[in-house]
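> Requesting a structural model of the entry that follows:
(chains A and B)
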Number of protein chains: 2
Amino acid sequence: MSEKIITITREFGSGGRTIGKKVAQKLGIPCYDEELLEKMVKESGFVKEYIEEQSEDSVGWLNSILSYNGLTMTNQDKLWVIQQNLILDLAQQGSCVIVGRCADYILRDENILSVFIHADMEHRANRIVTEYGEREQSPQQRLNDKDRRRAAYYRFYTDMKWGKAQNYHLSLDSGKFGIDKCVDIIISAFQD
Amino acid sequence: MSEKIITITREFGSGGRTIGKKVAQKLGIPCYDEELLEKMVKESGFVKEYIEEQSEDSVGWLNSILSYNGLTMTNQDKLWVIQQNLILDLAQQGSCVIVGRCADYILRDENILSVFIHADMEHRANRIVTEYGEREQSPQQRLNDKDRRRAAYYRFYTDMKWGKAQNYHLSLDSGKFGIDKCVDIIISAFQD
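A predicted model of the protein is given here:
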C-alpha cells in the first residue's frame, strides 16, 4: 500500500487532533489542522474568528444554512470551495495528515487512508474538561450539541453519514485503546 | 489491555470469517463459528439446517418475526436465548475469537475487543463469486439482501445500529487492507 495522505475524522473530545499530530510527528510528515485554518484566512479574506464560527461544529454554519435564501452563494459555500481547493492542493504536495474539514470526502478519489476516531461519552466528557478546560455547561450536553452539528455539516456537504464505519478504512475507539495505541495502529495500517 | 475475547461482526463477503480464523490461529486460541452452530444443534434439539435457516441473515428468521402472534416464544427467540447462554459460557472458558451471532452485544459487559469488518460492494461481490462460488443471482443483489437481513437481525436483538463505528472498538475495510493486513492490525490492537 502506498497511501500518501491520512485523513482523520473525529468526534469532538475523542483526541483525534492529538492523534493526528502524533502520527504525523512519528512519520515525519506535516499535519494540517490549525495551518489549514490560517491558509483559509489568507485565501478567503475572512478573519480567523469568522471562519471558525462557520466551521464544521459551530453555531454560525447551521444558522446560515437554515436561513439561506436560495439565491446567492453563502459565505459557507464560498468557504467550502476554498477549503476543497486548499485540501486538493495539499494532496499534491506530498504525504501529510489532515484533521477534520471533510478531507476524507474531498480526497475520496486520491490514495488516502481515511480514519475515524470516536470514544464513548464518559471518555470524551473527561477529556474536554481536563484537556480543554471546558466548563460552560454539562460536558455531555456540549458533546451532544457538537456531535449533532458535525454530523449535519458532514451530511450537508458530503451526502455521507457521519460515523458509518463503511465510510472509513479504519475506525478506532480512542477510549478503549488510548491515544498512543491509536497512533501505533494507524501507523501500522499506513505502512506496508 | 488484557482482552480475552475478540468478537468479529462482518458484512457478508468481507472475509470476516477467514480473518477471525487466521487471528485465532496466530494467537493460538479457538475460533467459534461453525463450532458454535454445532453446539446450538446439541442444546436446542433443532437440526443444523433449521438453525441456519433461522440465523442472522436468512429468510426464515425475518418471516417468523413478521408473522409473530405476540403470544408465545418463537423458535427464533428460543435460539437467541440458547445462543446467548452458549456465548456467555464460552467467554468463561478463556481467550477465543467469536464470529458473528451478535457476540459483541452479548459480551458487551465482558473484557472484549469488538471488531467490525466491512468492504465495498466490488470487493465483496468478487469474493462471494470466487471464494463461495455463488451464482444464483447478481452478487450485488445477493449482498444487498444479506446486508438488509443482518442489519434487521442485529437491530432486533441488540437495539443497536449495524455498522455504526461507535458500536465497535475497531472497524476495518478488508477491501482496502486485504485479509492478512486486517489480521495483523487486529492482533496489534489486541496485544498490549
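
> When you work out contacts or count neighbours from here on, use the C-alpha atoms and nothing else.
Fine.

> Tell me which residues touch A:Tyr154, please.
Shown in contact with A:Tyr154 (Cα atoms under 8 Å, 6 or more residues apart in numbering or on different chains): A:Glu56, A:Cys102, A:Met160, A:Lys161, A:Trp162.

> just those: which has the poorest pLDDT?
Within the contacts of A:Tyr154, pLDDT reaches its minimum at A:Glu56, with 64.

> Distance from stretch A:143-154 to the middle of the chain?
12 Å (Cα atoms, centre = their mean, to the nearest Å).

> Could I get the buried residue list for it?
Across stretch A:143-154, burial judged by 16 or more other Cα atoms under 10 Å in any protein chain shown covers A:Leu143, A:Lys146, A:Asp147, A:Arg149, A:Arg150, A:Ala151, A:Ala152, A:Tyr153, A:Tyr154.

> So which of those residues is the closest to A:Lys21?
When these are ranked by distance to A:Lys21 (Cα to Cα), A:Arg150 comes first, at 20.6 Å.

> Can you tell me which of the buried residues of stretch A:143-154 is nearest A:Thr130?
Nearest to A:Thr130 among the buried residues of stretch A:143-154, with distances taken as Cα to Cα, is A:Leu143, at 14.3 Å.

> still on that earlier bit, can you narrow the contacts of A:Tyr154 to ones near chain B?
Near chain B, judged by Cα under 8 Å from any Cα of the partner chain, there are no entries from the contacts of A:Tyr154.

> Secondary structure, distance to B:Leu90 and neighbour count added to these, as JSON lines?
Below are those laid out as JSON lines (DSSP: H, G, I helix; E, B strand; the rest coil; distance: Cα to Cα, whole Å; neighbours: other Cα atoms under 10 Å in any protein chain shown):
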{"residue": "A:Glu56", "secondary structure": "coil", "distance to B:Leu90": "45", "neighbour count": "21"}
{"residue": "A:Cys102", "secondary structure": "coil", "distance to B:Leu90": "42", "neighbour count": "24"}
{"residue": "A:Met160", "secondary structure": "coil", "distance to B:Leu90": "38", "neighbour count": "14"}
{"residue": "A:Lys161", "secondary structure": "coil", "distance to B:Leu90": "35", "neighbour count": "15"}
{"residue": "A:Trp162", "secondary structure": "coil", "distance to B:Leu90": "35", "neighbour count": "23"}
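
> can you list the residues of chain A near chain B?
Counting by Cα under 8 Å from any Cα, chain A sits next to chain B at A:118-120, A:163-166, A:168-173, A:176-177, A:181, A:185, A:188-189.

> and with 10 Å instead?
Residues of chain A lying close to chain B by Cα under 10 Å from any Cα of the partner chain are A:1, A:11, A:113, A:115-120, A:161-177, A:181-182, A:184-186, A:188-190, A:192.

> Point me to the helix or strand that includes A:Ile186.
helix A:179-190 (DSSP states H and E).

> buried set for stretch A:154-171?
A:Tyr154, A:Trp162, A:Gly163, A:Lys164, A:Ala165, A:Gln166, A:Asn167, A:Tyr168, A:His169, A:Leu170, A:Ser171.

> Extract the CA atoms of that stretch and return them as CSV.
What follows is stretch A:154-171, C-alpha atoms only, in CSV (Å, rounded to 0.1, in the frame of the first residue of the first chain):
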residue,chain,number,x,y,z
TYR,A,154,-20.7,16.4,7.1
ARG,A,155,-24.1,15.2,5.7
PHE,A,156,-24.8,18.5,4.1
TYR,A,157,-21.5,18.8,2.1
THR,A,158,-20.7,15.1,1.6
ASP,A,159,-24.1,13.4,1.5
MET,A,160,-22.5,10.7,3.6
LYS,A,161,-23.4,9.5,7.0
TRP,A,162,-21.1,10.7,9.8
GLY,A,163,-19.7,7.8,11.8
LYS,A,164,-20.8,5.0,9.5
ALA,A,165,-17.9,2.5,9.6
GLN,A,166,-18.2,1.7,5.9
ASN,A,167,-17.2,5.3,5.0
TYR,A,168,-13.8,4.9,6.5
HIS,A,169,-10.9,2.5,6.1
LEU,A,170,-10.2,2.3,9.8
SER,A,171,-12.3,3.4,12.8
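
> Just give me how far that stretch sits from the chain centre.
11 Å.

> SS state for the residue nearest to A:Met121 when sequence neighbours are not counted?
Closest residue to A:Met121 apart from its sequence neighbours, by Cα to Cα, 6 or more residues apart in numbering or on different chains: A:Gln140 at 6.9 Å. Three-state call for A:Gln140 (DSSP: H, G, I helix; E, B strand; the rest coil): helix.

> Having no further points to raise, I will conclude here.
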